[in-house]
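Participant: based on what follows, work out the 3D shape:
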Amino acid sequence: MKKWIVMAAVLLAGCAGQPAGESGVANTQLDSESRQRARAFTDLAHAYLARAQYKIALDELRKAITADSRFGPAYNVYGLIYMELAEDTLAEENFRRAIDLDRSDSESRNNYGWFLCTRGRYDEGLEQFSAALRNPLYARPEQAMANAGLCAEKKGDLALAEANLLKSLKLQPDNPNTLLKMAGLHFRQGRLVEAQRLLGRHAELAPPTAESLWLGVRLERRLGDRAQEAVYGLQLRKRFPDSNEARLLLTGQYE
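Facilitator: Numbers count the residues shown, from 1 in each chain. Alright, predicted model coming up:
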């Protein structure tokens with residue numbers, strides 16, 4: 001997920017006593033003010049979601065929907081929250097509501113696609129990513145491409161996974177997360193030297209994660225460099241002792 005900008009929710013006063021001939025203008029202005037309030041509350045909800053403060057985020061979304069029940073991004077954030085809470089029916093309902101309100105909403109399609117992929121509905125998820133990418137105005141196509149790559153890998157289609165990750169890296173070559181995912185894919189394909197190069201590039205761009213250190217352990221083990229394997233393993237145990245990757249290391253589950 002995603003650093004969000006916290007915006008203050010500014011309550012705008014309505015216009016009173018408009019002349020009859022200006023009623024259309026007044027309604028348009030009120031609609032615009034309602035949309036602005038909905039957007040502000042949704043941005044606040046996004047910020048609370050990023051901090052895992054789900055109850056407060058849901059409260060802000062209720063305010064957003066009260067201000068403008070047709071503001072699609074609010075339903076997208078509802079979907080993300082319910083996805084985190086494993087409320088799958090509610091998550092799907094809200095993602096679909098966001099898309100129904102705006103068929104060109106690529107952010108909602110990307111998030112819905114990832115939801116579907118994490119639930120094992122790979123083909124449906126890949127179709128949502130494709131739909132998101134068909135929008136020429138989508139501001140972050142590299143995100144949907146990367147997610148499509150991960151979804152294809154989960155499905156077992158490694159060729160499609162590589163194609164999508166390469167497209168993402170072409171648009172954003174220094175994205176550390178995508179580099180790490182490509183390194184993992186190359187490791188799975190047995191392309192160890194390429195995986196090693198990409199893992200090194202990831203280390204230049206971002207601090208180590210449990211995922212990157214665990215990949216390093218297994219990669220160096222395959223390459224036969226036990227000293228470097230031990231270095232990765234020590235970092236993993238010290239930095240992320242409670243991670244699933246550290247547990248796998250301690251129990252010797254390398255594959």
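Participant: okay, buried residues for the stretch of helix or strand Tyr112 belongs to please.
Facilitator: Assignment of secondary structure by DSSP states H and E places Tyr112 within helix 106-118. For helix 106-118, the buried set under the neighbour-count rule, 16 or more other CB atoms under 10 Å, comprises Ser106, Glu107, Ser108, Arg109, Asn110, Asn111, Tyr112, Gly113, Trp114, Phe115, Leu116, Cys117. For glycine as for every other residue, the C-beta is placed from the backbone atoms N, C-alpha and C.
Participant: give me the residues contacting the helix or strand hosting Ala144.
Facilitator: Using DSSP H and E, the element containing Ala144 is helix 141-155. Counting contacts by CB atoms under 8 Å, 6 or more residues apart in numbering, the residues outside helix 141-155 that touch it are 106, 109-110, 113-114, 117, 122-123, 125-126, 129-130, 132-133, 138, 158, 160-165, 167-169, 171-172, 175, 177-178, 181-182, 185, 188.
Participant: from these, which land in helices?
Facilitator: Using DSSP state H to define helices, the subset of the contacts of helix 141-155 located there is 106, 109-110, 113-114, 117, 122-123, 125-126, 129-130, 132-133, 158, 160-165, 167-169, 171, 177-178, 181-182, 185, 188.
Participant: would you check that Leu185 makes contact with Ala163?
Facilitator: No - the pair Leu185 and Ala163 does not pass the contact test of CB atoms under 8 Å, sitting 10.8 Å apart.
Participant: thinking again about what came up before, hmm, which of the contacts of helix 141-155 are the buried ones?
Facilitator: The buried subset of these - by 16+ other CB under 10 Å - is 106, 109-110, 113-114, 117, 122, 125-126, 129, 132-133, 138, 160-162, 164-165, 167-169, 172, 175, 177-178, 181-182, 185.
Participant: just the helices in the stretch 1-150 of the chain please.
Facilitator: Listed in chain order, the helices of the stretch 1-150 of the chain (DSSP state H, counting those that start in this stretch) span 23-50, 54-67, 72-84, 88-101, 106-118, 122-133, 141-155.
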